[in-house]
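# curious how this folds, go ahead:
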Amino acid sequence: MLNFIYYPVSFILWCWHWVFGHVFGESSGFAWAFAVVFLVFTLRAILYKPFVGQVRSMRKMQEFAPELQKIKKKYANDKQRQAQEMQKLQSEHGVNPLGGCLPMLVQIPVFIGLFHVLRSFKPGWGEVYFFDAQGVESFVNAKLFGANLSTFITMPENELAAFATERSSVLLVSIPLMIVASIGTHFTARHSVARQTQAAMDNPQTAIMNKLTLYLFPIGVLVGGLFFPIAILLYWLSNNSWTLGQQYVVYHRIDREEEQKKVEATTQRQGLAPKPGAKPTVKPRPGQKPQPRKPASTQPRGAQPAAEQPASTEAQADGSESNGTVKPSTEIPGLSPDRSPSKKQGNKKRR
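The predicted model follows:
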C-alpha cells in the first residue's frame, strides 16, 4: 500500500550502498551503516528549503503570538469567528501554519519506509523493493562490530540465531547508540527552545510542548531503542546530528539578515531626516513648488508692524512729504481745490 514510499527510500539506500560498497566492500557493515547515514543526509538536504521556511514561519508566529492570545480571549465563545480572525491575522503577516509542519510531516513517512525496508531484509526473502536477492543477502551477512544492522535488543533468540548474531554484540552496539541519540535529541530540542521569545515561552501550551521535546522525546528514544534495529538507531542519530548543525547555520543566517534589515532601516531614516541647521520647508499644496519658511521678524519687541504703519501715499494726501515734513494747507473753506464753490456750499445758498 505504501510502495510509493518504500521504493524511493530503498533506491536512495541502494545508491549509497553502491558508492560505499566500492570502498569498504559490499558485505561490510560500515558500507551499510554509511549508506543509512547518507540516506538521511540526502533526504534532509532535499528538505532544506522547507526547513528554512519553517524557521521563518515560527519566528513570525512568535512575534504576533500576543495578538493571537487576544483573539482567543475575545472570541472564546465563538470558535468559528476565532478561527476566521486568526486566519486573517496569519494571512496579514504572511504566515502559513502548515509550512512550519511540512518538514516534520515529510520525515514521518521516510522513517516508516526505512523501518519497513530494513525489517524486510531477512535471510531467504529474495528481492526487497529495489534490492535484488544478492543485495538482501549482502545486508544479512553484513555486521557492525559483530552485530547485524537488522537486529535489536529484544529480538527473539531464534531470529538472532538466523542472523548468526549474539545478544551481547547487539547490546554492545545498541546501547551507546541509544545514549548518544537520546542526548542528541535533548540538545537539538534545547537549541530550538532557546530561540523562542519570552512571550512564546510564557504561553502554557508552548511550555508543555517544550517539556515534551526536552525530556519526554529523549526518554522515548531510550525506551524505543530496545525495539529499534541498529540501522534505525543510526538513522535517529544521524538525523539529530544534521538537525542540530542545520539549526545553527539557519538561525545564524536569519539573525544576520534581520540585523542587516535593521541597519538599512536606520540608514534610511537618517537619510530622510533634515540636516543640522537646515531650514524646514513648508509643505506645498498640490501643484505648488515647495518654498522655504520665512524667517521670524527681527523687529524690536513692541514695535508696530509695517503693515499697520500709514502708507506714504496717505501721508502725502494729508500734506506730508515723504521725508516727514508737513506742508501748509492752502485750501479755503467752502471752495474745492479748483477754487469753485463746493456742492454743499451752493446748496446752502439756494436755501
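
# for the nearest residue to His116 once chain neighbours are set aside, give its distance to Phe20.
Take His116 and drop its neighbours on the chain: the residue closest to it by CB to CB, 6 or more residues apart in numbering is Tyr6, 6.1 Å away. Backbone N, C-alpha and C define where each C-beta goes, glycine included. From Tyr6 across to Phe20, the span is 21 Å (CB to CB, to the nearest Å).

# and for Ala181?
Following CB to CB, the distance that separates Ala181 from Phe20 is 21 Å.

# so for those two, which residue has more residues nearby?
For Ala181 and Phe20, the more surrounded residue by other CB atoms under 10 Å is Ala181, and the numbers stand at 26 against 19.

# touching, that one and Phe228? I think so.
No - taking contact to mean CB atoms under 8 Å, the distance of 9.3 Å between Ala181 and Phe228 leaves them out of contact.

# what is in contact with these two at once?
When CB atoms under 8 Å, 6 or more residues apart in numbering defines a contact, the residues bordering Ala181 and Phe228 alike are Trp236.

# list the buried residues for stretch 117-134?
Residues 117-118, 120-121, 128-131 are the ones in stretch 117-134 that count as buried (16 or more other CB atoms under 10 Å).

# where does this protein have low pLDDT?
Counting by pLDDT under 70, the low-confidence segments of the chain come to 1, 62-65, 93-104, 195-205, 273-351.

# most residues in a single helix of it, which one?
In the chain, taking DSSP state H as the definition, the longest helix is helix 230-272.

# now whichever strand or helix holds Val170 against helix 230-272, angle please.
Here Val170, judged by DSSP states H and E, is contained in helix 167-193. Between helix 167-193 and helix 230-272, the angle comes out at 10 degrees (axes from the mean of the first three to the mean of the last three CA atoms, to 10 degrees).

# what's helix 167-193 packed up against?
Taking 3 or more CB pairs under 8 Å, 6 or more residues apart in numbering; DSSP states H and E as the contact definition, the neighbouring helices and strands of helix 167-193 are helix 157-162, helix 217-224, helix 230-272.

# now distance to Val136 too, for those, in CSV please.
Listed next are the helices and strands packed on helix 167-193 as CSV, based on distance: least, CB to CB, whole Å:
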stretch, distance to Val136
helix 157-162, 13
helix 217-224, 25
helix 230-272, 14
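
# how about these in JSON lines, adding mean neighbour count and distance to Gln87?
Conversion of the helices and strands packed on helix 167-193 to JSON lines gives the following (neighbours: other CB atoms under 10 Å; distance: least, CB to CB, whole Å):
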{"stretch": "helix 157-162", "mean neighbour count": "12", "distance to Gln87": "51"}
{"stretch": "helix 217-224", "mean neighbour count": "16", "distance to Gln87": "30"}
{"stretch": "helix 230-272", "mean neighbour count": "15", "distance to Gln87": "25"}
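
# ok, which of these comes nearest Ser192?
helix 230-272 (6.4 Å; CB to CB).

# who touches the residue lying closest to Arg167 once chain neighbours are set aside in this structure?
If you skip the residues right next to it in sequence, Arg167 has Leu160 as its closest partner in space, 6.1 Å away by CB to CB, 6+ apart. Listed by CB under 8 Å, 6+ apart, the contact set of Leu160 reads 151, 166-167, 170.

# widest-spaced pair of those residues?
Among the contacts of Leu160, Thr151 and Glu166 lie farthest apart (CB to CB), at 9.6 Å.

# look at the two and report which has more neighbours.
The neighbour count for Thr151 versus Glu166, taken as other CB under 10 Å, is higher for Thr151 (23 against 15).

# show me what contacts that one?
With contact set as CB under 8 Å, 6+ apart, Thr151 has these partners: 159-160, 163, 165, 170, 229-230.

# the same query, at a cut-off of 7 Å, please.
160, 163, 165, 170, 229-230 (CB atoms under 7 Å, 6 or more residues apart in numbering).

# for Trp16, same thing?
34-35, 38-39.

# can you do 8 Å?
When contacts are counted by CB under 8 Å, 6+ apart, Trp16 is found next to 34-35, 38-39, 42.

# from Gln246, how far out is it?
Between Trp16 and Gln246 the computed distance is 19 Å (CB to CB).

# Ser168: neighbouring residues, count only.
Using other CB under 10 Å, Ser168 is surrounded by 9 other residues.

# could you do the one 5 residues further on as well?
Val173 is flanked by 24 other residues according to other CB under 10 Å.

# next, the nearest residue in space to it that is not next to it in sequence: phi, psi?
Leaving aside its sequence neighbours, Val173 sits nearest to Ala147 (CB to CB, 6+ apart; 4.5 Å). Main-chain torsions, Ala147, degrees, to the nearest 10: phi -120, psi 140.
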